[in-house]
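Q: Provided below are the primary sequence and the corresponding predicted coordinates.
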Amino acid sequence: KAGVTQTPRYLIKTRGQQVTLSCSPISGHRSVSWYQQTPGQGLQFLFEYFSETQRNKGNFPGRFSGRQFSNSRSEMNVSTLELGDSALYLCASLPMAGEVNTEAFFGQGTRLTVV
Amino acid sequence: GDSVTQMEGPVTLSEEAFLTINCTYTATGYPSLFWYVQYPGEGLQLLLKATKADDKGSNKGFEATYRKETTSFHLEKGSVQVSDSAVYFCALRIVGNTPLVFGKGTRLSVIA
């Protein structure tokens, strides 16, 4: 079965622009989470969606937003890009939300570079 | 809040050496514990997990035991291979509606 698909894989944007990243979870999975990975901060949780509803949100400014569609695909948007937003953005899918012991499946990530 | 602390890297070992990567946690509730691995250019993959105290998770020669008394979940492997070179993340998740909380990762390089 197909894994988690993130597009695009690489992106270069200029400060002040906005960007939209996409994540298609494993077929049948309804929960999608987003993480930001940087060398200094490691993996930081952005938000989690389940059945088109945001269930959890990390400690990021309002410039970071997301949504989930009825087919469980999710997008995250970053507006007014800053240099510090350069990172690997990872998406994880789970069958359901709130199942503590269930494995989260990760995509390969989108490498965003802000110049 | 909930947090995971793991040893800083990078760690460089010769092939067939013994590996330990330390991980300790702080949790407000009763966590499940995980080790994820990230190979170059890839996303994270679950390596092993343990869901209650004294459980031992194991996979591909790696092991970790959930120690509630020391709030630890150290990763070990008796004989590493070059193919084990990757970044290893310790993580926890509290029962209920909470996300995975990760440590900062430990980069392992194994040289032949």
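A: Alright, I've got the coordinates. Numbers count the residues shown, from 1 in each chain, chains lettered A, B, ... in the order given.
Q: so where's the chain uncertain?
A: If you meant another chain, say so; for now it's chain A. Applying pLDDT under 70 to chain A picks out residues A:1, A:97-101.
Q: Chain B was what I was after
A: Where chain B drops to pLDDT under 70, the residues are B:96-97.
Q: Spell out which parts of it neighbour chain A.
A: When proximity is defined as C-beta under 8 Å from any C-beta of the partner chain, chain B approaches chain A at B:31-32, B:36, B:41-46, B:49, B:51, B:89, B:93-105. The C-beta positions use only the backbone N, C-alpha and C, and glycine is treated the same way.
Q: hmm, try it at 6 Å
A: B:32, B:42-44, B:46, B:51, B:93, B:95, B:97, B:99, B:102, B:104-105 (C-beta under 6 Å from any C-beta of the partner chain).
Q: so can I have TSV of these showing neighbour count and secondary structure?
A: Listed next are those as TSV, based on neighbours: other C-beta atoms under 10 Å in any protein chain shown; DSSP: H, G, I helix; E, B strand; the rest coil:
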residue	neighbour count	secondary structure
B:32	21	strand
B:42	14	coil
B:43	21	coil
B:44	29	strand
B:46	17	strand
B:51	16	coil
B:93	24	strand
B:95	14	coil
B:97	12	coil
B:99	23	coil
B:102	22	strand
B:104	20	coil
B:105	23	coil
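Q: Of the residues you listed, which is the nearest to residue A:3?
A: residue B:43 (8.5 Å; C-beta to C-beta).
Q: just checking, the closest one touches residue A:105?
A: No. Judged on C-beta atoms under 6 Å, residue B:43 makes no contact with residue A:105 at a distance of 8.3 Å.
Q: and residue A:84, that's in a strand?
A: No. Assignment of residue A:84 by DSSP: H, G, I helix; E, B strand; the rest coil gives helix, placing it outside any strand.
Q: now it: how far from chain B?
A: 17 Å (C-beta to the nearest C-beta, to the nearest Å).
Q: returning to what we had before: tabulate the residues of chain B next to chain A in JSON lines, adding columns for distance to residue A:44.
A: Shown next, in JSON lines, are the residues of chain B next to chain A (distance: C-beta to C-beta, whole Å):
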{"residue": "B:32", "distance to residue A:44": "20"}
{"residue": "B:42", "distance to residue A:44": "19"}
{"residue": "B:43", "distance to residue A:44": "15"}
{"residue": "B:44", "distance to residue A:44": "14"}
{"residue": "B:46", "distance to residue A:44": "19"}
{"residue": "B:51", "distance to residue A:44": "24"}
{"residue": "B:93", "distance to residue A:44": "15"}
{"residue": "B:95", "distance to residue A:44": "22"}
{"residue": "B:97", "distance to residue A:44": "18"}
{"residue": "B:99", "distance to residue A:44": "10"}
{"residue": "B:102", "distance to residue A:44": "8"}
{"residue": "B:104", "distance to residue A:44": "10"}
{"residue": "B:105", "distance to residue A:44": "12"}
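Q: of those, closest to residue B:62?
A: Set against residue B:62, the nearest of these by C-beta to C-beta is residue B:46 (11.3 Å).
Q: The nearest residue to that closest one once chain neighbours are set aside - how many residues pack around it?
A: Using C-beta to C-beta, 6 or more residues apart in numbering or on different chains and skipping residues adjacent in sequence, the residue nearest residue B:46 is residue A:103, 4.6 Å away. Neighbours of residue A:103 under the rule other C-beta atoms under 10 Å in any protein chain shown: 14.
Q: go on, residue A:21?
A: 20.
Q: Go through the strand or helix carrying it and flag the buried ones.
A: Here residue A:21 sits within strand A:19-24, counting by DSSP states H and E. Residues of strand A:19-24 classed as buried by neighbour count (16 or more other C-beta atoms under 10 Å in any protein chain shown): A:19, A:21, A:23, A:24.
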